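Visitor: Sequence and computational prediction follow.
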Amino acid sequence: MTTPKQNFVISILAVLSLASITMVRAANLSEADAKKQFADVFGSEVQNVTRTPDTGDDLQLAKSLLEAAEQNANQPNLLLVLCRNAAQLAGKDKNGAALAERALRLVIAKAPDHTASALKSLTEILQTQYQRARGDAKKQIGETLILALVDLADTQVKATEFDEANRTLRRATPIARVIQSPQEQVIKSRLSDLANKQRIVAQIDSLKKRLAANPKDTEAAKKLIVLYVTELDSPQQARKYTFLISDKMLQEKVKLASSSLDMLSTKQAGDLGDWYRSLSSEASTDDAKYNVLIRARKYYVHVTKTAKEGDAALAKATLVQPLLESQIAKLEEKVTRRPTQSPYVVEVLKDKPIVYLQFDDSAAVSNKKVFDSAREGKKRLHGKYHGKVEHVAAVPGLTGKAVKFDGSTSHITIPLTSSNAPSEFTIEFWLKTSMTFARSSSYYTYTGPVFFSNGTSGRGSGDLLLTGYRYSRTRDDSRLMFITGPQGRSDYRCYARHTDLKINDGAWHHVVVTRSSTGSRAIYIDGVRRGYNSDSGGAVFNTRELHIGGDPAQKSNAYLSGEIDDLAIYDSVLTPERIAAHYNIIAAKLPKRDTVKPPSVPKVSVGPKTEPKPDPKKNDKFEKYRQSILKRWPRMTGGAKNRLLIQLSKSRDPRMQRLYRELYYKD
């Protein structure tokens, strides 16, 4: 068994060997040369780690191989060898599923010709991990395995390997049923579509047999051509049978449809657009009709790009396109392949976020792109990864992935600036961290972890920032501080003060901040408002992009070491009820924590009262206390109000509970 020191040496050797691999970047390595290069550089390290029973060193070397692959993305054959070996080594360790997936998703992104083999390797590794796992870990790996199987089935369908795709989807079905995955409906939908395609293939085979028996059967040949064009979107295959028919017009249309778009004249493209529009009525499924209309749109777009002003084809294409777009839009929801949305995602989308980062696309980490899944049909604000980030298990109750920040350089930027930012907003995300929070060192430069920021040096420069800090000098009491600096004014702080939870306890927490156009601000943690006050109003965005998980403008230790999932930004202030609705969907799946709950409506007793007679002296004393609290309440700070509410909520005295409810709803 290797020691930690030996593991460290292995990792260093692997990283140093990047230099020798980088030397061959100028030439395109053949597959044989790539394998030889890998064996020369990493062969001995691979042999060393595979001899030991400890899988930790396998995982360590896998990380180094993946780093080497990312550095050599312009060498497809070398990248393929590195990623395959990284995935095999990572798959041996119980914690290696995420790294194996990253390696094979990198192959898919950079060497798409090997997509099918990469997905097969990924499903085999995940299947082994799934069989080993237990509890929540089994559910998380199961979800990842299902998505990989669905991707593999889609790839097999594109290659017309329908029987293979059917077997792949049926592998996913029992897994989805066991872990109660929302993907079960997606799998059923895929199987239904696949059955339609297999039916079409059976018809094609029957027509081919007719033609083999009688080559002069022009009716069978014509049906075969139409099936290839409309149902399988394959004019290239249809063209093979055009010599069997006497219809010159159909022969010409199929010939043109199988040609490159650049080879078509404006008139030919317009004629093909008209032809494909007419064929849409012959398609037997929504999927086939959608593909036919997409083809028609492609040809009409070509007309608009190549036609001269006053051309009749241009006028017709311009007239037809809006009608075509309407037909495509109606079909899109039925045929676009999306994972079934979790109840949480459904609730988030109800509130119409302008940015929604779900971090579910593993391949995107390699491409440094964070996909925004908000605003259907509008311009999306895709983000960008910086530094070393990785995908990890999502919040319980959500499918897909969360993103992990290394606490050193990793962060995300979103192109949300003063040019496109809303005047009021809500920012919502899930946070998991166990890093120690520090005290701030100055008024507008902070030393705690940055959760989001567009901060600049100086006050009143249109910036906002949410950071972790500690109030106590002697202990880490894990507070949140929300700072806004409206343009041309001062900076204002809003604190989330709480004594009943630690936000950096290594568990998932729901964090929401809101700010209205007039400057009213609030911080919510786990569905409960923990702090609120106001700034002077005005714009709080500037020309800097919004940074998530760290900000180079802040001090070096302002980077988050932890995980974030499902970050949403809205152009409105969400109500406390909507924030609680979002949190409560996931809360049932999280470990129970002792938090302050919103007051419940008191039960109305039925029948004769059995309560003891109240003591007038005690009532007088309580009433004086109540009146003094009500008098002081408007002047109290947000933190003082929160502390008082927490104190009252824990009291067993029914009068204190009534006062708690009265104060809670007063604001």
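Guide: In hand now; what should we look at?
Visitor: all helices of the stretch 51-200 of the chain, in order?
Guide: 56-71, 76-90, 97-110, 115-132, 135-158, 162-178, 184-213 (DSSP state H, counting those that start in this stretch).
Visitor: Mean neighbour count for those helices - can I get that in JSON lines?
Guide: Yep, even glycine has a C-beta here, placed from its N, CA and C like the rest. Formatted as JSON lines, these follow (neighbours: other C-beta atoms under 10 Å):
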{"stretch": "helix 56-71", "mean neighbour count": "23"}
{"stretch": "helix 76-90", "mean neighbour count": "25"}
{"stretch": "helix 97-110", "mean neighbour count": "25"}
{"stretch": "helix 115-132", "mean neighbour count": "20"}
{"stretch": "helix 135-158", "mean neighbour count": "21"}
{"stretch": "helix 162-178", "mean neighbour count": "18"}
{"stretch": "helix 184-213", "mean neighbour count": "15"}
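Visitor: now those helices as TSV including mean pLDDT?
Guide: Shown next, in TSV, are those (pLDDT from 0 to 100):
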stretch	mean pLDDT
helix 56-71	85
helix 76-90	87
helix 97-110	81
helix 115-132	88
helix 135-158	84
helix 162-178	91
helix 184-213	87
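Visitor: Helix or strand: which one has Ala522?
Guide: strand 520-525 (DSSP states H and E).
Visitor: who does that strand touch, helix- and strand-wise?
Guide: strand 479-485, strand 492-496, strand 508-515, strand 528-534 (3 or more C-beta pairs under 8 Å, 6 or more residues apart in numbering; DSSP states H and E).
Visitor: how about 6 Å then?
Guide: strand 492-496, strand 508-515, strand 528-534 (3 or more C-beta pairs under 6 Å, 6 or more residues apart in numbering; DSSP states H and E).
Visitor: how near is Leu319 to Leu293?
Guide: According to C-beta to C-beta, to the nearest Å, Leu319 and Leu293 sit 16 Å apart.
Visitor: neighbour count winner among those two?
Guide: Leu293 (21 against 10; other C-beta atoms under 10 Å).
Visitor: what's the model's confidence in the helix or strand harbouring Leu663, averaged?
Guide: Using DSSP H and E, Leu663 falls within helix 654-664. For helix 654-664, the mean pLDDT works out to 81.
Visitor: buried stuff in it?
Guide: Arg655, Met656, Gln657, Leu659, Tyr660, Arg661, Leu663, Tyr664 (16 or more other C-beta atoms under 10 Å).
Visitor: mind giving me CSV with the residues you listed and columns for distance to Ile427?
Guide: Output for these, formatted as CSV (distance: C-beta to C-beta, whole Å):
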residue, distance to Ile427
Arg655, 38
Met656, 34
Gln657, 33
Leu659, 33
Tyr660, 29
Arg661, 29
Leu663, 27
Tyr664, 24
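Visitor: Can you flag the weakest of the helices and strands packed on strand 520-525 by average pLDDT?
Guide: strand 492-496 (a mean of 74).
Visitor: now the angle between strand 520-525 and it, please.
Guide: Interaxial angle of strand 492-496 relative to strand 520-525 (axes from the mean of the first three to the mean of the last three C-alpha atoms, to 10 degrees): 30 degrees.
Visitor: Show me what strand 492-496 is packed against.
Guide: Going by 3+ C-beta pairs under 6 Å, 6+ apart, strand 492-496 lies up against strand 479-485, strand 520-525, strand 528-534.
Visitor: May I have it exported as PDB, CA atoms only?
Guide: Only the C-alpha atoms of strand 492-496 are listed here, as PDB (Å, rounded to 0.1, in the frame of the first residue of the first chain):
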ATOM      1  CA  TYR A 492     -25.000  49.900   3.600                       C
ATOM      2  CA  ARG A 493     -24.800  46.600   5.400                       C
ATOM      3  CA  CYS A 494     -27.600  44.100   6.200                       C
ATOM      4  CA  TYR A 495     -26.700  41.400   8.700                       C
ATOM      5  CA  ALA A 496     -28.300  38.000   9.200                       C
END
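Visitor: tilt between it and strand 479-485?
Guide: Going by the same axes, to 10 degrees, strand 492-496 makes 160 degrees with strand 479-485.
Visitor: quick one on the thing from earlier: name every strand pairing with the strand holding Ala522 and say which way it goes.
Guide: Sheet pairing for strand 520-525, assigned by DSSP bridges, gives strand 508-515 (antiparallel), strand 528-534 (antiparallel).
Visitor: Can you tell me which of the ones you listed is most buried?
Guide: strand 508-515 (a mean of 24; mean count of other C-beta atoms under 10 Å).
Visitor: which stretch among the helices and strands packed on strand 492-496 comes nearest Ile245?
Guide: Among the helices and strands packed on strand 492-496, strand 520-525 comes nearest to Ile245, with 68.5 Å by C-beta to C-beta.
Visitor: Give me the contacts around that closest one.
Guide: Outside strand 520-525, the residues that touch it by C-beta atoms under 6 Å, 6 or more residues apart in numbering are 480, 482, 494, 496, 511-515, 529-532, 534, 579.
Visitor: Relative to the whole chain's centre, how far out is it?
Guide: 25 Å (C-alpha atoms, centre = their mean, to the nearest Å).
Visitor: State the mean pLDDT of that strand.
Guide: Per-residue scores along strand 520-525 average to 91.
Visitor: quick one: Lys110 from Leu65, how far?
Guide: 15 Å.
Visitor: Fine by me, thanks again.
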